[in-house]
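Participant: Sequence and computational prediction follow.
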Amino acid sequence: MVAGEHAPSGGRNWIKTVAYAGLIILLFLLPLFVDSVYYLHTFIITLIYTIAACSLRTILISGQLSIAHAAFMGLGAYVSSIFARELNWTPWLTIPLGGVSAMVVGVLAGYPLTRVRAIYFSMVSLFVGLAIVALMGVFQKYTGGDIGLIGIPPLPSITIPGLPTINFLSSKIPYYYFFLLLTVFCLMILHSLENSRIGMSWKAIAQSYLVASSVGINEAGFRVLALAVGCFFAGIAGAGYAHYNMVLTRSSFGFLSSVNLLIYVLVGGTGSFFGPIIGTTVLVIVPEIFRWLKTFAPFVFGGIMLLVVFFMPQGIAGLFEQVKTKFLHFQERKKPRDVS
Amino acid sequence: MLLRVKDLSVYYGKAMALENVSLEVAQGAVVTIIGANGAGKSTILKVLSGLWPSTSGEVYFDNKKIEGMEPYEIVSLGLVHIPEGRRLFPYLNVLENLKLGASLRKDKEGIKQDLEGVFTHFPILRDRRKQKAGSLSGGEQMMLAIARGLMSKPRLLLMDEPTLGLAPVMVVELVSVIQAINKTGVSVLLVEQNVFLALQVAHRGYVLEVGKVILEGNIDQFRDSDLVKRAYLGE
């Protein structure tokens, strides 16, 4: 080992940790400053879609561009709702169940899908998504069909001895904290997976499946694993959404929603873990700001897309990286080179 | 015999790529397959490592039938392929590339030792370990590809045209690298167009022409062979 090899990155990591901790604390304190129900609602939606977008990126880094992700969200949402509504199971149980069922379907669909790659994978995934959404239209007794599913129970109140009861119906604040905790939890798992050997293998497959196979990476296995992980968290996000919104319509999980999720990831940048977080935040909140433009909102959305495509091919997160690199080079140039 | 290929034929649709190719690699040997572009050299290696299906024929590695196996299963047996051309993961750094070479290994201590061994062999990789593989020079990329192959603990290393795009001085370096690898007990099957290199390191050789073996023998015979001289050395 070369002496001091961890020094520079270690120093930066320390700053990073502080920055993340600060951001999370800020998010936890947010309800103190924001009392508007509407703003809180927007933040909650942002959190839910952040989980979904980050889990979609997990699938993306394994070289699989899925156009079915919203459908898997919907799958988790419907499974969780139906179990909670019909069997009176507590949402604390049905939400993980929603995640697991999305994962199981993801794996079942994923195995045959490993036979196709690139654009062919995307096309088949599109049909998987359409099939799932179509399924939500049948068994009307349970799914509500095209009318939608109503009367989904909210999260039950939590009683912790010595503290006031947390009632989810009282305001949006308990929901905000629930989704904030859930998001932090999910993102921590996704982040550590990405930086493990598993994540490395995913990226290797995306860069060249042939070379990946030749070093002994089980391509099919790892691709299915990426789908399993991604679909699980999509299911969790969807299930959480169901018990927040309490009404589901299958049209919210269709083709356009899947494409929207992809746009969140692409605008944010696929190269960085924080890409989809940034992308979702920008693309959920900005259209809300421009709501007064009403009919022109799609143009704002499209305008952002064009700006990103032309000026930030690596996404918004990629722009940060570029600026950082330039800044570091600038710093290095100012320093005299140490000759050793 | 470590590797035995019997009557291997491969067709791409109706086009013949290999026809009744038989070859052997003994334990501890360096064997070369030489031939012009399109002779089917790379196809042989792809079939051996499970990246391409054969049409007919049999492949035995350590007396075990391996065709039809998944590529990762074949790697786990110790038959490791270093593909030609872009053999790296360009967007991962050097260290990550090396670690991926040990994808199937569970012995953490052994991996650590081998990593140190690789860094001793190729000190430049230690200096560049945090650098993206795609930013390395051609020679460094070749070293990394070989080093990554070694991280899989191979018993037989399949090398597909390692000299492709290398500076002449690196080709000389490659001779000693291959010899050093071979000294540690790893057998090598080297596919080359660069006959100079092949003649210097190999013990045995095969000449492939349009999918068929037209000459085989010890490397001394090759050096004297009129066919090899005329066709590949330009004498």
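Facilitator: Perfect, thanks for sending it. Numbers count the residues shown, from 1 in each chain, chains lettered A, B, ... in the order given.

Participant: Point out the residues in the stretch 101-250 of chain A that sit beside chain B.
Facilitator: By the rule Cβ under 8 Å from any Cβ of the partner chain, the part of the stretch 101-250 of chain A lying against chain B is A:197, A:200-201, A:203-204, A:207-208, A:210-220. Quick note: C-beta positions are derived from backbone N, CA and C, even for glycine.

Participant: By neighbour count, sort out the buried ones in those residues.
Facilitator: When these are checked for burial by 16 or more other Cβ atoms under 10 Å in any protein chain shown, the buried set is A:200-201, A:203-204, A:207-208, A:210-220.

Participant: and the residues of the stretch 101-250 of chain A next to chain B, which of them are in helices?
Facilitator: A:197, A:200-201, A:203-204, A:207, A:210-214, A:219-220 (DSSP state H).

Participant: in which helix or strand would I find the residue in chain B positioned nearest to chain A?
Facilitator: In chain B, the residue that lies nearest chain A is B:V75 (3.3 Å; Cβ to the nearest Cβ). Using DSSP states H and E, B:V75 falls within helix B:71-77.

Participant: Which other helices and strands does that helix contact?
Facilitator: helix A:209-214 (3 or more Cβ pairs under 8 Å, 6 or more residues apart in numbering or on different chains; DSSP states H and E).

Participant: So which residues on chain B come close to chain A?
Facilitator: Residues of chain B lying near chain A (Cβ under 8 Å from any Cβ): B:49-51, B:70-72, B:75-76, B:80-83, B:86-92, B:96, B:99-101, B:103-104, B:126, B:148-149, B:152.

Participant: So what does the closest residue to chain B within the stretch 201-340 of chain A have for phi and psi?
Facilitator: Among all residues of the stretch 201-340 of chain A, A:G216 sits closest to chain B, at 3.3 Å; criterion: Cβ to the nearest Cβ. With angles defined as degrees, to the nearest 10, A:G216 sits at phi 100, psi 20.

Participant: For the helix or strand hosting A:Y111, buried residues please.
Facilitator: Here A:Y111, judged by DSSP H and E, is contained in helix A:91-113. Within helix A:91-113, the residues that count as buried by 16+ other Cβ under 10 Å are A:91, A:94-106, A:109-110, A:113.

Participant: Against which helices or strands is that helix packed?
Facilitator: helix A:69-86, helix A:118-135, helix A:219-245.

Participant: got TSV for the ones you listed, with mean pLDDT too?
Facilitator: Converted to TSV, those look like this (pLDDT from 0 to 100):
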stretch	mean pLDDT
helix A:69-86	93
helix A:118-135	89
helix A:219-245	94
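
Participant: ranking those by burial, who's on top?
Facilitator: Sort the helices and strands packed on helix A:91-113 by mean neighbour count, taking mean count of other Cβ atoms under 10 Å in any protein chain shown, and helix A:69-86 sits at the top with a mean of 28.

Participant: Would you mind giving both backbone torsions of the residue nearest to A:G230 when sequence neighbours are not counted?
Facilitator: Leaving aside its sequence neighbours, A:G230 sits nearest to A:I59 (Cβ to Cβ, 6 or more residues apart in numbering or on different chains; 3.9 Å). Per-residue torsions, A:I59: phi -70, psi -40 (degrees, to the nearest 10).

Participant: Just give the nearest non-adjacent residue to the residue of the stretch 201-340 of chain A closest to chain B, would you?
Facilitator: B:V75 (3.3 Å).

Participant: so what's residue 200 up against?
Facilitator: Because you didn't say which chain, this covers chain A. B:L92, B:E96, B:K99, B:L100 (Cβ atoms under 8 Å, 6 or more residues apart in numbering or on different chains).

Participant: Can you look at chain B instead?
Facilitator: B:V175.

Participant: what does the one 10 residues further on give?
Facilitator: B:V210 makes contact with B:G38, B:A39, B:G40 under the criterion Cβ under 8 Å, 6+ apart.

Participant: which element is B:P162 on?
Facilitator: Residue-wise, B:P162 maps onto no helix or strand under DSSP H and E.

Participant: Please list all residues in contact with it.
Facilitator: B:P162 touches B:I82, B:M142, B:A145, B:I146, B:L174, B:L190, B:E192, counting by Cβ under 8 Å, 6+ apart.

Participant: what's the closest of those residues to A:F253?
Facilitator: B:A145 (44.3 Å; Cβ to Cβ).

Participant: so what pLDDT did A:Q331 get?
Facilitator: Note for A:Q331: predicted pLDDT of 59.

Participant: before we move on, the earlier item: can you check what angle separates the helix holding A:Y111 from helix A:118-135?
Facilitator: 140 degrees (axes from the mean of the first three to the mean of the last three Cα atoms, to 10 degrees).

Participant: Where does the prediction get shaky in the stretch 201-340 of chain A?
Facilitator: Low-confidence segments of the stretch 201-340 of chain A (pLDDT under 70): A:328-340.

Participant: can you confirm A:A297 is in a helix?
Facilitator: Yes - A:A297 sits within a helix when classified using DSSP: H, G, I helix; E, B strand; the rest coil.

Participant: Next, count neighbours for it.
Facilitator: A:A297: 16 surrounding residues under other Cβ atoms under 10 Å in any protein chain shown.
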